[in-house]
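Engineer: how would this look folded up:
(2 chains)
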2 protein chains.
Amino acid sequence: MTMKDEYFMKQALKEAQTAFDGGEVPVGAVVVVDGKIIARGYNMTEKLNDPTAHAEMIALTSAFSHVGAKYLPDATLYVTVEPCLMCAGAIYWSKLNRIVWGADDEKNGHQRITHSNSPFHQKATVTTGVLKEECAKLMKDFFAAKR
Amino acid sequence: MTMKDEYFMKQALKEAQTAFDGGEVPVGAVVVVDGKIIARGYNMTEKLNDPTAHAEMIALTSAFSHVGAKYLPDATLYVTVEPCLMCAGAIYWSKLNRIVWGADDEKNGHQRITHSNSPFHQKATVTTGVLKEECAKLMKDFFAAKR
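Structural biologist: Numbering: from 1, shown residues only, chains lettered A, B, ... in the order given. Below is the predicted model:
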């Protein structure tokens, strides 16, 4: 974990806040290449009536479009909450280099199913726990408000 | 496996053929509710420059749009080849009722990672091997032509 990781996780948190403000489960993501954010995304499952419109899927699709290529071997994905199985699979296909998430997701995180085998590309490195409390708090606040 | 399963798998194979003709990895899918096809999709990863544009993702997103809801509890997904991890996750989120595929995918199929735990929704039933040979043949022909 580096200062840069915290900086980019804060940017992902901004995206998550936008989701929160829109009544969406508050997850946000940014894709970074060479120290620059090339794509952003926040959860839009309610807005789009599509349970696959997760922050990571939106940020990745935007990144492919930006780069004009279907692989992102030099990119890092920052996401506030542990990716689910679908997003872990999408990250695998993107061949991105590094995955950083904040809070674990005990209910829907991909680790729940893929405990032993990593679902990510074999060349990818994983960092977790960046701004963990802030990332988790947004989720807690959201679901607390729903109850 | 029923005659209906074969009928709908043939429709999925038509989609896969369209992918094949377009130089895409030949996978096709249809979503069926009450005996009617409500959505179709074929692999468009090359065309869209997006490695997440799998047949299942496209068919599911089209189905959500058609139904105007983000869950498909009464739907069956027919897909020519075993879903990958990403698509298995998307199928989970869609809460669809039944998954039917033709050929297993020894390399990229979700079963490769999720051997013990099913990635699908707990209420979902799974049927495999429908028109298995035809489904596998299209894949073999495609990759044979690439070599």
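
Engineer: show me where chain A has strands.
Structural biologist: Assigned by DSSP state E, chain A shows strands spanning A:28-33, A:36-42, A:75-81, A:98-103, A:125-128.

Engineer: so what are the sheet partners of the second one and their directions?
Structural biologist: Right, strand A:36-42. strand A:28-33 (antiparallel) (DSSP bridges).

Engineer: next, see if stretch A:98-105 gets close to chain B.
Structural biologist: No. Counting by C-beta under 8 Å from any C-beta of the partner chain, chain B is not contacted by stretch A:98-105; separation bottoms out at 12.7 Å. The C-beta positions use only the backbone N, C-alpha and C, and glycine is treated the same way.

Engineer: check what contacts that stretch and list those residues.
Structural biologist: Here stretch A:98-105 makes contact (C-beta atoms under 8 Å, 6 or more residues apart in numbering or on different chains) with A:5, A:8-9, A:12-13, A:75-84, A:91, A:111, A:120, A:124-132, A:134-136, A:139.

Engineer: buried set for stretch A:7-26?
Structural biologist: Residues of stretch A:7-26 classed as buried: A:8-9, A:11-13, A:15-16, A:18-20, A:24-26 (neighbour count, 16 or more other C-beta atoms under 10 Å in any protein chain shown).

Engineer: same list (these) but as JSON lines, adding distance to chain B.
Structural biologist: JSON lines is the format used below for the buried residues of stretch A:7-26 (distance: C-beta to the nearest C-beta, whole Å):
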{"residue": "A:Phe8", "distance to chain B": "22"}
{"residue": "A:Met9", "distance to chain B": "23"}
{"residue": "A:Gln11", "distance to chain B": "22"}
{"residue": "A:Ala12", "distance to chain B": "19"}
{"residue": "A:Leu13", "distance to chain B": "23"}
{"residue": "A:Glu15", "distance to chain B": "19"}
{"residue": "A:Ala16", "distance to chain B": "19"}
{"residue": "A:Thr18", "distance to chain B": "19"}
{"residue": "A:Ala19", "distance to chain B": "15"}
{"residue": "A:Phe20", "distance to chain B": "19"}
{"residue": "A:Glu24", "distance to chain B": "12"}
{"residue": "A:Val25", "distance to chain B": "12"}
{"residue": "A:Pro26", "distance to chain B": "17"}
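
Engineer: so which of those are in helices?
Structural biologist: Mapping these onto helices (DSSP state H) picks out A:8-9, A:11-13, A:15-16, A:18-20.

Engineer: so can I have a markdown table of those residues showing pLDDT and distance to A:Thr61?
Structural biologist: Output for these, formatted as a markdown table (pLDDT from 0 to 100; distance: C-beta to C-beta, whole Å):
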| residue | pLDDT | distance to A:Thr61 |
| --- | --- | --- |
| A:Phe8 | 95 | 19 |
| A:Met9 | 93 | 21 |
| A:Gln11 | 96 | 18 |
| A:Ala12 | 95 | 16 |
| A:Leu13 | 94 | 21 |
| A:Glu15 | 96 | 14 |
| A:Ala16 | 95 | 18 |
| A:Thr18 | 95 | 17 |
| A:Ala19 | 94 | 16 |
| A:Phe20 | 93 | 22 |
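
Engineer: return the list of helices and strands in contact with the lowest-mean-pLDDT helix or strand in chain A.
Structural biologist: Lowest by mean pLDDT, DSSP states H and E among the helices and strands of chain A is strand A:125-128, with a mean of 80. The contact analysis (3 or more C-beta pairs under 8 Å, 6 or more residues apart in numbering or on different chains; DSSP states H and E) places strand A:125-128 against strand A:98-103.

Engineer: mind checking the pLDDT average for stretch A:138-145?
Structural biologist: Mean per-residue pLDDT for stretch A:138-145: 85.

Engineer: ok now that stretch, how far from the chain's centre?
Structural biologist: What separates the centre of stretch A:138-145 from the centre of its chain is 18 Å, taken as C-alpha atoms, centre = their mean, to the nearest Å.

Engineer: return the set of buried residues in that stretch.
Structural biologist: For stretch A:138-145, burial by neighbour count (16+ other C-beta under 10 Å) applies to A:138-139, A:142.

Engineer: who in chain A is up against chain B?
Structural biologist: Taking C-beta under 8 Å from any C-beta as the contact definition, chain A meets chain B at A:45-46, A:48-52, A:57, A:60-61, A:64-65, A:68-71, A:84-90, A:92-95, A:110, A:113-114, A:117, A:119.

Engineer: out of those, which are buried?
Structural biologist: Among these, those buried by neighbour count (16+ other C-beta under 10 Å) are A:45, A:48-52, A:57, A:60-61, A:64, A:70, A:84-90, A:92-95, A:110, A:113-114, A:119.
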